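> pasting a predicted model and its sequence here:
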Amino acid sequence: MSSNAVVPPETIAELRALVLAEAKPLLAENKVNSVDVDRIATDDEYLARFYRVADAMPEAQTLLVNCLKWRRQFGVLELRESSIEPDLLNSGVFFFRNRDKSNRLIGHLMIRRHKKDPARLELVKKYILLWFERQEKSARPNTEKFTLIFDMTGAGLGNLDMDLVKFLIDCFKFYYPNMLGQILVFEISFILNSAWSIIKNWLSPRALALIKFVNRKEIQTYVEPSSLLISQGGLDSYEYSYTPGEFAIVARNDFGPAASSSSSSSSPAIAAPAQANANAGADESKPAHKKRVSFLPAEKSDVGSGFLAVSPNVNYLEFRGPFNAEVTSTITLAHTLPGSVQKSPVAFKVKTTAPERYRVRPNQGLLSPGEKIVVSIFMSVGSLPAQAATPEETANGFVSSLRDKFLVLSLPFPSDANANDINGQWTQLVEAPNATKPFQHRLPCRFVTGSGQVLGVDPAATPDPAPTASSAKSSSAAAGAATAPAAAKPSPAPTASSPVAAVVPTPARTAPAAPLASSHSKDEVSGNSELAVLRKSVRNLQIAFVLLFLLVLFLMLAVSLLLASHPLAPLPLRSFVQSFFSK
């Protein structure tokens, strides 16, 4: 089906009914966001986009449901500019500027400004998604396609991140379909041209038709010189500079006024799940810093606000191999606060720097006084760093980071708190004037291989220092203030007499289980292996050039010797050759 084809209303109504029916149990299990489900129920154009790409009902249904799951798992609705590092916001790796000759907005992906760094890849993905979400919400109720200029000027192998390219392709194929008008690959170098032979294998025939390889002259066929940057041979002297608040529209957890739906095709939004404790992915309405190297939020505070204490036996989370099956580690959260503060429930959230490798069940919930809950963390098969695993563990081909961390957030809630709306109440509490900050406890990961090798956090890591006994009163006061968040004030640090959540890591290994809930994990692994093949090919090419040079040099010397030994050769040349060999 054409990317601009009109989808009949009855087709949209059928697709909506199928997706909502499948989304209802997923919403009850908190595997999809209610905001996204509401969009399915009201936005005809959004459904039409997926149907145009799939061109068949079952495929369109699968695409939409997988997209809903991905948005929940990746935390798309929680994306905020405050969760992105300032240097990345100011980098100008990606931005929108001007329009092409077809009046499409131009997105500039400046490859030379990106440095491959696995530790920052997730953050770069979130940064680019901020732009996509801003564009989608700004264009509502219509869908506006844009032209992507893949600017390769001055880029080398250290800039072209195949994992990032694979992520962008997945976004345009599965999560933001019918959003891309065309791709202009600008000034690609010879050394990077071979990478596109791999990238093309990831693209559908329809996507391949959108790609144009252009130089400074050819790009003007699609974009006026006045709309091209000076570095692209144009006349626009614009240099991207980040302006605080330019992503403010992304914070709207709705998509503005939706396109009108016919009464026959409209469906009411599905009700919220009955239990918020059965969560499938990280979720928090407050901006959270999900960096690969730190969990510092915008306020940059590690200090508890006096109403809770986190006291694990050890300050790390341990996973024990062998890692040829899904591995589980558990932590126990217990609300054990004594005295008058027992009247206040405590909400918790568990986050990770690597959501693509771990599943947390549940990842948030509300604990009543005296209540306990066991949180299970599942690590996907083969996630152990390959360079230190045993041979049988590396056979899976997975590569991971030794810097993975988990963060446990705790916050007292009012006594009448609703367990089905933790995120909304959490946002109100932390954003209120003089709000109390959530208590944070960090748990870096530690891996023990099947051979007993310890990786990750220092195996000699010491337990958290025992809190003092001086702040039980402050804990009670702060928890009481939770019923009136606007007047809440920070209190001294937590104490031994007032532990709100005791975190006790209990490593365990499970039998083989279902792989991590990611619809494209195999593709990501394939992308890593293909990148390794590309690097090996480049090395082989360099070696071939050296060998070819030596061969040519040898042939030139041999020809010179043959000519010099010929009777008709000049006497000085023959004399030189004879004297050379006589020595």
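Yep, that arrived.
> I'd like the mean pLDDT over stretch 139-152, please.
Per-residue pLDDT over stretch 139-152 has a mean of 84.
> so residue 225 sits right up against residue 232, yeah?
No - judged on C-beta atoms under 8 Å, residue 225 makes no contact with residue 232 at a distance of 9.1 Å. (Each C-beta comes from the backbone N, C-alpha and C, glycine too.)
> between these two, point out the one with more neighbours.
Using other C-beta atoms under 10 Å, the more surrounded residue of residue 225 and residue 232 is residue 232, with 23 against 13.
> that one contacts residue 214, doesn't it?
No - with contact defined as C-beta under 8 Å, residue 232 does not reach residue 214; the gap is 9.5 Å.
> overlap in contacts, the two.
Residues touching both residue 232 and residue 214 (C-beta atoms under 8 Å, 6 or more residues apart in numbering): residue 186.
> residue 116 - that's part of a helix, no?
No - read with DSSP: H, G, I helix; E, B strand; the rest coil, residue 116 is coil and lies in no helix.
> that one - nearest residue in space that isn't next to it in sequence?
Of all residues not flanking residue 116 in the chain, residue 161 sits nearest, at 4.6 Å (C-beta to C-beta, 6 or more residues apart in numbering).
> how many neighbouring residues does the one you found have?
Neighbourhood size, residue 161 [other C-beta under 10 Å]: 21.
> now do it against residue 26, distance only.
32 Å (C-beta to C-beta, to the nearest Å).
> also residue 58?
Counting by C-beta to C-beta, the gap between residue 58 and residue 26 amounts to 17 Å.
> what does residue 420 give?
Using C-beta to C-beta, residue 420 is found at 16 Å from residue 26.
> same thing with residue 150?
For residue 150 relative to residue 26 (C-beta to C-beta), the value is 35 Å.
> excluding chain neighbours, what is closest to residue 404?
residue 445 is the one closest to residue 404 (C-beta to C-beta, 6+ apart), at 4.3 Å.
> so which helix or strand takes in the one you found?
Per DSSP states H and E, residue 445 falls inside strand 439-448.
> ditto for residue 37
Residue 37 belongs to helix 34-42, assigned by DSSP H and E.
> which elements pack onto the helix or strand that that helix is followed by?
Using DSSP H and E, the helix or strand that directly follows helix 34-42 along the chain is helix 44-54. If you count contacts as 3 or more C-beta pairs under 8 Å, 6 or more residues apart in numbering; DSSP states H and E, helix 44-54 packs onto helix 9-28, helix 34-42, helix 57-74.
> can you put those in JSON lines and add mean pLDDT, distance to residue 551 and mean neighbour count?
Output for the helices and strands packed on helix 44-54, formatted as JSON lines (pLDDT from 0 to 100; distance: least, C-beta to C-beta, whole Å; neighbours: other C-beta atoms under 10 Å):
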{"stretch": "helix 9-28", "mean pLDDT": "94", "distance to residue 551": "63", "mean neighbour count": "17"}
{"stretch": "helix 34-42", "mean pLDDT": "92", "distance to residue 551": "61", "mean neighbour count": "20"}
{"stretch": "helix 57-74", "mean pLDDT": "94", "distance to residue 551": "52", "mean neighbour count": "20"}
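> need these in JSON lines (columns: distance to residue 347).
Formatted as JSON lines, these follow (distance: least, C-beta to C-beta, whole Å):
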{"stretch": "helix 9-28", "distance to residue 347": "20"}
{"stretch": "helix 34-42", "distance to residue 347": "18"}
{"stretch": "helix 57-74", "distance to residue 347": "19"}
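> closest to residue 331 out of those helices?
helix 57-74 (20.5 Å; C-beta to C-beta).
> would you mind pulling the contact partners of the closest one?
11, 14-15, 18-19, 22-23, 26, 30-33, 36-37, 40, 47, 50-51, 53-54, 76-77, 129, 174-175, 177, 280-281, 283, 355, 517-519.
> related to what we said a few turns ago, now do the helix holding residue 37 and helix 57-74, the angle between them.
On the basis of axes from the mean of the first three to the mean of the last three C-alpha atoms, to 10 degrees, helix 34-42 is oriented at 160 degrees to helix 57-74.
> with only the CA atoms kept, save helix 34-42 in CSV.
Only the C-alpha atoms of helix 34-42 are listed here, as CSV (Å, rounded to 0.1, in the frame of the first residue of the first chain):
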residue,chain,number,x,y,z
SER,A,34,-2.6,3.5,29.4
VAL,A,35,-1.7,6.7,27.5
ASP,A,36,-0.6,4.8,24.5
VAL,A,37,-3.7,2.6,24.6
ASP,A,38,-5.8,5.7,24.8
ARG,A,39,-4.2,6.9,21.6
ILE,A,40,-5.1,3.6,19.9
ALA,A,41,-8.7,4.1,21.0
THR,A,42,-8.9,7.7,19.6
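> now for that helix, which elements pack on it?
helix 9-28, helix 44-54, helix 57-74.
> what about those, which gets the closest to residue 117?
Comparing the helices and strands packed on helix 34-42 by their distance to residue 117 (C-beta to C-beta), the top pick is helix 57-74, with 19.3 Å.
> what's the following helix or strand after the closest one?
helix 86-89.
> strands paired with the helix or strand just after that next one, and their directions?
Per DSSP H and E, helix 86-89 leads on to strand 94-99 as the next helix or strand towards the C-terminus. When pairing is defined by DSSP bridges, strand 94-99 lines up against strand 105-110 (antiparallel).
> convert the C-alpha atoms of the partner strand to PDB, please.
Only the C-alpha atoms of strand 105-110 are listed here, as PDB (Å, rounded to 0.1, in the frame of the first residue of the first chain):
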ATOM      1  CA  LEU A 105      11.100  19.100   7.600                       C
ATOM      2  CA  ILE A 106      14.800  18.200   7.500                       C
ATOM      3  CA  GLY A 107      16.400  16.200  10.300                       C
ATOM      4  CA  HIS A 108      20.200  16.400  10.400                       C
ATOM      5  CA  LEU A 109      22.100  13.500  11.800                       C
ATOM      6  CA  MET A 110      25.700  14.700  12.100                       C
END
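> ok, and what's touching it?
92-100, 131, 135, 144, 146-151, 168, 223, 227, 229.
> and the buried ones among those residues, selectable in PyMOL?
Applying 16 or more other C-beta atoms under 10 Å to the contacts of strand 105-110, the buried members can be selected in PyMOL as follows:
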select buried, resi 93+94+95+98+100+131+135+146+147+148+149+150+151+168+223+227+229
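> wait, doesn't residue 368 sit right on residue 335?
Yes - using C-beta under 8 Å, residue 368 is in contact with residue 335, at 6.6 Å.
> pretty sure the residue nearest to residue 116 sits against residue 113.
No - taking contacts as C-beta under 8 Å, residue 161 lies outside contact range of residue 113: 11.6 Å.
> as a markdown table, the helices and strands packed on helix 34-42 with distance to residue 364 would be great.
Shown next, in a markdown table, are these (distance: least, C-beta to C-beta, whole Å):
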| stretch | distance to residue 364 |
| --- | --- |
| helix 9-28 | 15 |
| helix 44-54 | 27 |
| helix 57-74 | 13 |
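> which stretches of this protein have low pLDDT?
Applying pLDDT under 70 to the chain flags residues 1-3, 140-142, 253-314, 336-343, 381-401, 457-535, 563-570, 573-574, 576-583.
> what's the domain layout of it?
Here the domain parsing of the chain from automatic domain parsing is 9-77, 82-250, 317-519, 522-582.
> returning to what we had before: how many residues are close by the residue nearest to residue 404?
Count around residue 445 with other C-beta under 10 Å applied: 27.
> distance check, it against residue 331.
When residue 445 is compared with residue 331 (using C-beta to C-beta), they lie 12 Å apart.
> what do you get for residue 449?
In this view, residue 449 and residue 331 are 22 Å apart by C-beta to C-beta.
> which one's more surrounded, those two?
Per other C-beta under 10 Å, whichever of residue 449 and residue 331 has more neighbours is residue 331, with 23 against 19.
> packing partners for the host helix or strand of that one?
Residue 331 is part of strand 327-334 when elements are defined by DSSP H and E. Counting contacts by 3+ C-beta pairs under 8 Å, 6+ apart, strand 327-334 is packed against strand 317-320, strand 372-379, strand 504-509.
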